[in-house]
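Enquirer: below are the sequence and a predicted model for it; my questions follow.
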Amino acid sequence: MLGIVSGTPIWVFILLAVVAAYCITFCFEKVVNIKFLLLIPVCFMIFSFINLLQQDDVFVAILTWVPGCVIGGSLAKKIFGPKTYRLGQKEGTVTVSGTYSVIIIFLLYFPLRYYIGYSQATAENHHLSHALIILLAVSSGCVVGFFTLRSYIIYQRYKALSGASSAQ
């Protein structure tokens, strides 16, 4: 384990710090642009699929990715379903209350993903074992499911709020 940390390039630590700082902003009330909100899950999904398609056993990877999406989506529904939202000051924005879930997921996923990437890079044939392929697929699916359903819930609340405010 010490080899993983000591051999880590500086840019990885910089990336970790920058993204962690951005994730900390989600701990507080935040005004979110709806277009940007819908872009994040699409990016996660594209990168997730590209990564899964590069593995040896694509069929197993995709089959285990789907339950990961369900788990992540269920978590998002439980966390974001009961929250209250209100329209932002600018058109196309919604105010979202703070949550620690985004930073927690990031702090779990980043080191896990780095470990999987390190394992693949240092493997003799640069291929992951079946266990790591499954771990990669489930964790990627959880992140995609979480952010997709989070975005969907917030978008639906935004539509309901903007429809209610235009009716007044």
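Expert: That came in fine, so what should we check first? Owing to the predicted nature of the structure, the values given are computational and were not obtained by experimental measurement.
Enquirer: what mean pLDDT does stretch 17-36 have?
Expert: For stretch 17-36, mean pLDDT rounds to 89.
Enquirer: so how far is it off the chain centroid?
Expert: What separates the centre of stretch 17-36 from the centre of its chain is 12 Å, taken as CA atoms, centre = their mean, to the nearest Å.
Enquirer: show me what that stretch is in contact with.
Expert: Stretch 17-36 has contacts (CB atoms under 8 Å, 6 or more residues apart in numbering) with 88-90, 92-103, 106-107, 110, 154-155, 158. C-beta: built from backbone N, CA, C; applies to glycine.
Enquirer: any of those residues buried? List them.
Expert: Applying 16 or more other CB atoms under 10 Å to the contacts of stretch 17-36, the neighbour count classes 88, 93-96, 99, 101-103, 106, 110, 154, 158 as buried.
Enquirer: restricted to helices, list the contacts of stretch 17-36.
Expert: Judged by DSSP state H, the contacts of stretch 17-36 include 101-103, 106-107, 110, 154-155, 158 as members of helices.
Enquirer: now the two most distant members of these.
Expert: Phe110 and Tyr158 (28.5 Å; CB to CB).
Enquirer: ok, Met45 - contacts?
Expert: 144, 148.
Enquirer: if we use 10 Å, what do you get?
Expert: When contacts are counted by CB atoms under 10 Å, 6 or more residues apart in numbering, Met45 is found next to 69, 140-141, 143-145, 147-148.
Enquirer: pull out the buried residues from stretch 122-131.
Expert: Neighbour-count burial for stretch 122-131 [16+ other CB under 10 Å]: Leu128.
Enquirer: want to try CSV for the ones in helices among the contacts of stretch 17-36, with pLDDT and distance to Phe47 as columns?
Expert: Formatted as CSV, those follow (pLDDT from 0 to 100; distance: CB to CB, whole Å):
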residue, pLDDT, distance to Phe47
Ser101, 86, 20
Val102, 86, 17
Ile103, 87, 20
Phe106, 89, 15
Leu107, 88, 19
Phe110, 87, 14
Ile154, 88, 21
Tyr155, 90, 21
Tyr158, 89, 25
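Enquirer: for Asp57, state which of those is nearest.
Expert: The closest of the ones in helices among the contacts of stretch 17-36, once distances to Asp57 are taken by CB to CB, is Phe110, at 24.4 Å.
Enquirer: and the helices in this protein?
Expert: Counting by DSSP H, the helices of the chain are 2-6, 10-24, 34-53, 58-80, 101-122, 130-167.
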